[in-house]
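Enquirer: task: produce atomic coordinates for the following.
(2 chains)
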2 protein chains.
Amino acid sequence: MAESSTQENVVEDNVASVVVLVTGGCGYVGTHTVVRLLEQNVQVVVVDNVAWTNDGTEGSKPKSLQRVEELTGKTVVFHNIDISNADALEKIFNSYRFDCVIHLAALKSVGDSCRLPLDYYRNNVAGTVTLLEVMKCHQVKKLVFSSSATVYGEPQYLPINEEHVTGQKVTNPYGRTKYFIEEILRDLCKSDPEWSVICLRYFNPVGAHPSGRIGEDPAGVPCNLMPYVAQVAVGRRPKLAVYGNDYPTPDGTGIRDYIHIMDLAEGHWAATKKILQNGSKGSWLAYNLGLGRGYSVLDVVKCFESVSGRSIAVDFVSRRDGDVASSYSDCSLASSQLDWKASRTLTDMCTDMWRWQSINPHGYQSN
Amino acid sequence: MAESSTQENVVEDNVASVVVLVTGGCGYVGTHTVVRLLEQNVQVVVVDNVAWTNDGTEGSKPKSLQRVEELTGKTVVFHNIDISNADALEKIFNSYRFDCVIHLAALKSVGDSCRLPLDYYRNNVAGTVTLLEVMKCHQVKKLVFSSSATVYGEPQYLPINEEHVTGQKVTNPYGRTKYFIEEILRDLCKSDPEWSVICLRYFNPVGAHPSGRIGEDPAGVPCNLMPYVAQVAVGRRPKLAVYGNDYPTPDGTGIRDYIHIMDLAEGHWAATKKILQNGSKGSWLAYNLGLGRGYSVLDVVKCFESVSGRSIAVDFVSRRDGDVASSYSDCSLASSQLDWKASRTLTDMCTDMWRWQSINPHGYQSN
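Expert: Reported below is the predicted structural model:
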């Protein structure tokens, strides 16, 4: 039997004893990932500063995590702390013996990052350094990191594979924080072979859990296409502004690679398994998580209209600085090395997004 | 009269009322820069964690700064704090009204940065973010930053001008911290036009103040060529290891651009003047500070032997990973925009280095 199969069995057999820390576990990627981990009987501890919401009462679990518990019938330990708070993190690491950390905590608005770059470098970069220092101190050296396809900057070729240059022509500070953290992690792995790190480069996560109980709940005006479309469909916003319809694409609108949030959550579990299987062998690895094909803005709008039965008013406006015509992934590396592949279609994404949005028109604040 | 002349006069006339904070002001670049500022009647406040030395008694000025005061007959305010300590920095900014900050505080050993990357990202990057947050909070938005030619990575052409790509093929975490900080500063300037930042990309600072009273005092084994040569000359080390004599250069040894520390200090003053002249006009600028020509390892050794009258034993060993054959600067931008040009020769560098080293064979710990 091959070595990897043996290790696979070890992970599968002992998964109930696996303890994973998820930073930012109350957010969009976090909740769906935690559901996936709980389904695998992984014990999950969440730390989150819950900065994106003011729901819930002091000391109670945020609504998103309560929903996760209702959905799965399992319990999640939750600590309301900021990863920049080294003392608070220390206490958590003193209380649990983590096998792996899934690090999702970050500010994520491209627009805010341009206005308030120091907040982004403080929270995302310095915050991650603090987390890594505490992990190192407690000999927890396995990490799955929430990176982004923005590290590739303007695509030099398509589809984008992991060999594509990173850090050049990255158009905003948010993307730069992800790139900087990837490089910090790479240096860390080079300095100490005990570290094992997987960077997951997300393309555009959309959709929601098929139950419609958890989903994306953007604060303020959504920056991304799909949540905006969903808010137009549900009547929260009058129409969608489409930035540019003169791109060299079939319908003139920009083409992006969308990935269903449940596929993304499964990608996190696949990465976690790989890291646990590695044992003490360290490495720095990066994988694209995308569907491997692109859809235009109008493709998304039409699909959403079709599944929701609502009409989406569209306003064509001029291009935005930094936007490219087309971007989509080559995910064959994740397929071969993580045994992971996105399986949900654009229709699945829109259907699940619409279920979440129509049941919860104002996100977790609905009712 | 041209606008810039008028502004020049304003700065020259009011220079006695100019107050500058120098972080890392007790170090090699710091002490020489402070001397230059004091000669211009600038009021100088130094913050330094004095991590590089354990000289001096608690609460007293480190010896390097005492020497600066003796040399200039002027006083420097000194605070023993770390720039990562936001509360301590706050107090300093509450006590003085700074016109400009010269930010030199940083860990600077390439080798240590490979072994302990988190320390470098913590001190250099996160520390700078803390400094910038405090500056922003106190509306002090003028900064001269101590960057490095390492941001250029492996040279793609020679001489290297400021248009050369940065951040690609940077071979060590130390260099990456400098690159990251440059990018953070660039984003900050884009986000708020009141910020005015000059990044000074040093080539290889060497030499000492001609008095021989201040100079480089490396902790442990010197990482750079010239201080190593000086320690061999003075008898502290038996011989010099030369990494590679099969490079495609005239004598086979690596070629670098060396700059006299007093030229470098003058570059800081030139940058400070430019920033003060800018008034409220913000910008992000970067300038090379070098001699604009290269010398080989053996050129330096021969010159040092000549000025010191000592023989330097040399051991040729294999190349080091990440070293390039040749690197030198094009400094015409600093010449045209800062009215600055390095004027001291390799002989000046070796002569002043030798004076410092022979008077102070064990640096500031010498009696």
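Enquirer: residue A:178 - how many residues pack around it?
Expert: 27 (other CB atoms under 10 Å in any protein chain shown). Just so you know, the C-beta spots here come from the backbone N, C-alpha and C atoms, and that holds for glycine as well.
Enquirer: what angle do the host helix or strand of it and helix B:173-191 make?
Expert: Assigned by DSSP states H and E, residue A:178 belongs to helix A:173-191. With axes from the mean of the first three to the mean of the last three CA atoms, to 10 degrees applied, the angle from helix A:173-191 to helix B:173-191 works out at 170 degrees.
Enquirer: how far is helix A:173-191 from where the chain is centred?
Expert: 16 Å (CA atoms, centre = their mean, to the nearest Å).
Enquirer: right, is it up against chain B?
Expert: Yes. Using CB under 8 Å from any CB of the partner chain, helix A:173-191 reaches chain B at A:173, A:176, A:180, A:183, A:184, A:187, A:188, A:190, A:191.
Enquirer: likewise for stretch A:99-106?
Expert: No. Stretch A:99-106 lies apart from chain B when judged by CB under 8 Å from any CB; the minimum separation is 14.4 Å.
Enquirer: mean confidence for that stretch?
Expert: On average, the pLDDT along stretch A:99-106 is 98.
Enquirer: who's in contact with that stretch?
Expert: Applying CB atoms under 8 Å, 6 or more residues apart in numbering or on different chains, the external contacts of stretch A:99-106 come out as A:18-25, A:27, A:29-30, A:33, A:47-49, A:83, A:123-124, A:127-128, A:131, A:135, A:140, A:142-146, A:177-178, A:268, A:272, A:275-276.
Enquirer: with stretch A:36-49 instead?
Expert: Stretch A:36-49 is contacted by residues A:15-27, A:30, A:34, A:62, A:65, A:68, A:72, A:74, A:76-83, A:89, A:92, A:96, A:98, A:105, A:262, A:265-266, A:268-269, A:272 when judged by CB under 8 Å, 6+ apart.
Enquirer: show me which of the residues you listed are buried.
Expert: Buried subset of the contacts of stretch A:36-49 (neighbour count, 16 or more other CB atoms under 10 Å in any protein chain shown): A:15, A:18, A:20-27, A:30, A:34, A:62, A:65, A:68, A:72, A:74, A:76-83, A:89, A:92, A:98, A:105, A:262, A:265-266, A:268-269, A:272.
Enquirer: picking that back up, which of the contacts of stretch A:36-49 fall within strands?
Expert: Counting by DSSP state E, these place A:19, A:20, A:21, A:22, A:23, A:77, A:78, A:79 in strands.
Enquirer: could I get these as TSV with pLDDT and distance to chain B?
Expert: Formatted as TSV, the ones in strands among the contacts of stretch A:36-49 follow (pLDDT from 0 to 100; distance: CB to the nearest CB, whole Å):
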residue	pLDDT	distance to chain B
A:19	98	23
A:20	98	22
A:21	98	18
A:22	98	22
A:23	98	17
A:77	97	27
A:78	97	27
A:79	97	22
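Enquirer: show me which of these is closest to residue B:310.
Expert: Taking CB to CB as the measure, residue A:23 is the one of the ones in strands among the contacts of stretch A:36-49 closest to residue B:310, at 57.1 Å.
Enquirer: output the below-cut-off pLDDT ranges for the stretch 201-350 of chain A.
Expert: A:279-280 (pLDDT under 70).
Enquirer: can you give me the helices for the stretch 151-300 of chain A?
Expert: Under the criterion DSSP state H, counting those that start in this stretch, the stretch 151-300 of chain A contains helices at A:173-191, A:225-233, A:261-277, A:297-308.
Enquirer: for those helices, which one sits closest to residue A:339?
Expert: Taking CB to CB, helix A:261-277 is the member of the helices of the stretch 151-300 of chain A nearest to residue A:339, at 6.4 Å.
Enquirer: so what does the closest one touch, helix or strand wise?
Expert: Judged by 3 or more CB pairs under 8 Å, 6 or more residues apart in numbering or on different chains; DSSP states H and E, the packing partners of helix A:261-277 are helix A:3-13, helix A:28-39, strand A:100-103, strand A:142-148, strand A:196-202, strand A:204-206, strand A:283-289, helix A:332-337.
Enquirer: only alpha carbons, please: show that helix as CSV.
Expert: Written as CSV, here are the backbone C-alpha positions of helix A:261-277 (Å, rounded to 0.1, in the frame of the first residue of the first chain):
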residue,chain,number,x,y,z
ILE,A,261,-18.9,28.4,-1.6
MET,A,262,-19.5,24.8,-0.8
ASP,A,263,-16.9,23.7,-3.3
LEU,A,264,-14.6,26.2,-1.7
ALA,A,265,-15.4,24.8,1.8
GLU,A,266,-14.6,21.4,0.5
GLY,A,267,-11.3,22.7,-0.8
HIS,A,268,-10.4,23.8,2.7
TRP,A,269,-11.1,20.4,4.0
ALA,A,270,-9.0,18.8,1.2
ALA,A,271,-6.1,21.1,2.1
THR,A,272,-6.5,20.4,5.8
LYS,A,273,-6.4,16.6,5.1
LYS,A,274,-3.3,17.0,3.0
ILE,A,275,-1.5,19.0,5.7
LEU,A,276,-2.4,16.5,8.4
GLN,A,277,-1.2,13.7,6.1
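Enquirer: also compute the angle for that helix relative to strand A:283-289, please.
Expert: Taking the same axes, to 10 degrees, one finds that helix A:261-277 is oriented at 160 degrees with respect to strand A:283-289.
Enquirer: and helix A:261-277, how far from the chain's centre?
Expert: Here helix A:261-277 is found 11 Å from its chain centre; the criterion is CA atoms, centre = their mean.
Enquirer: how big is the angle separating that helix from strand A:196-202?
Expert: Using the same axes, to 10 degrees, the direction of helix A:261-277 lies 170 degrees away from that of strand A:196-202.
Enquirer: centroid residue for chain A?
Expert: For chain A, the residue nearest the mean C-alpha position is residue A:29 (4.3 Å; CA atoms, centre = their mean).
Enquirer: distance check, it against chain B.
Expert: 24 Å (CB to the nearest CB, to the nearest Å).
Enquirer: any idea how far the closest residue in space to that residue that isn't next to it in sequence lies from residue A:173?
Expert: Once flanking residues are discounted, residue A:29 sits nearest to residue A:104: 5.3 Å by CB to CB, 6 or more residues apart in numbering or on different chains. Distance, residue A:104 to residue A:173, using CB to CB, to the nearest Å: 18 Å.
Enquirer: just residue A:248 next, same as before
Expert: In terms of CB to CB, residue A:248 sits 28 Å off from residue A:173.
Enquirer: how about residue A:36?
Expert: Residue A:36 is 30 Å from residue A:173, where distance means CB to CB.
Enquirer: between the two, tell me which one has more neighbours.
Expert: The neighbour comparison of residue A:36 against residue A:173 (other CB under 10 Å) goes to residue A:173, with 29 against 22.
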